[in-house]
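A.B. asks: Test case, fold it:
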Amino acid sequence: MEEWAYNGTAFQINSMYLLPEDAWTYELSGWYRTSGGVAVVIPDTTPDGDLFTPADATHAYVAFTEGPLPWPVLLRFIRFVEASGDIVSDPLTANVSGDLSLSLNSWRFASQAFEVTSYHDGWCYELYEVNPTRSSDGYIDVRILDLQPGGGPLVPVPAGQVTVTGHRSPTFPWPVFRHFLDAILASGDTRDDQEG
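C.D. replies: Sure thing, here's the model as predicted:
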């Protein structure tokens, strides 16, 4: 277990083997009841073996609990998981199609369909699965407040004021979630401050 502090709030990072799922999980949670949480679950290809052998990232998924997380903390957590070496991606199988060119964008991953909406409320990006079969009907949003709410182009707040919030405990395939983060970073509406 690790503990991180950010803006006076403590966050706990745990990693453990989940026997019922035969998977390794990384979990991030805040100490306050109002803080959200997220877990990255990576299936084990050799559950009867002595060592954990991560499945291809197309089988990994990200699960959110209700509540907000600071954008810099979430990005730090994702870098932490990726640095573990347990996210093993094959570029040929981890293909997610879709971008953020419209206010309603259709994305595909394998047989699953997702939508990403964006709208001016400050600026907000939402990701959800269309007709979910095995996951909840939940969604996540990334809220970027506008320093000039009276009009004109978006003047985003610093990354430390951006939040990522889970609603109704959604789950997403790892490649879809990672593509969502990368698309938002590429939009220029917020950035990765590499804060520790």
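
A.B. asks: switch to C-alpha atoms for all contacts and neighbour counts from now on
C.D. replies: Noted.

A.B. asks: what number of residues lie near residue 61?
C.D. replies: 19 (other C-alpha atoms under 10 Å).

A.B. asks: typed the wrong thing, it's residue 157
C.D. replies: 16.

A.B. asks: That one: what's it in contact with?
C.D. replies: 144-147, 190 (C-alpha atoms under 8 Å, 6 or more residues apart in numbering).

A.B. asks: ok, the spatially most central residue of the chain to residue 51 distance?
C.D. replies: Nearest to the mean C-alpha position of the chain, by C-alpha atoms, centre = their mean, lies residue 177 at 5.0 Å. Distance of residue 177 to residue 51, given as C-alpha to C-alpha, to the nearest Å: 27 Å.

A.B. asks: bridging residues for the nearest residue to residue 126 once chain neighbours are set aside?
C.D. replies: Among residues not flanking residue 126 along the chain, residue 141 sits closest, at 4.3 Å (C-alpha to C-alpha, 6 or more residues apart in numbering). Going by DSSP bridges, residue 141 is paired in beta bridges with residue 126, residue 165.

A.B. asks: residue ranges of the helices in the chain, please?
C.D. replies: Using DSSP state H, the helices of the chain run over residues 71-83, 174-187.

A.B. asks: In JSON lines: these, plus distance to residue 3 and mean pLDDT.
C.D. replies: Compiled in JSON lines, those are given as follows (distance: least, C-alpha to C-alpha, whole Å; pLDDT from 0 to 100):
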{"stretch": "helix 71-83", "distance to residue 3": "11", "mean pLDDT": "96"}
{"stretch": "helix 174-187", "distance to residue 3": "23", "mean pLDDT": "94"}
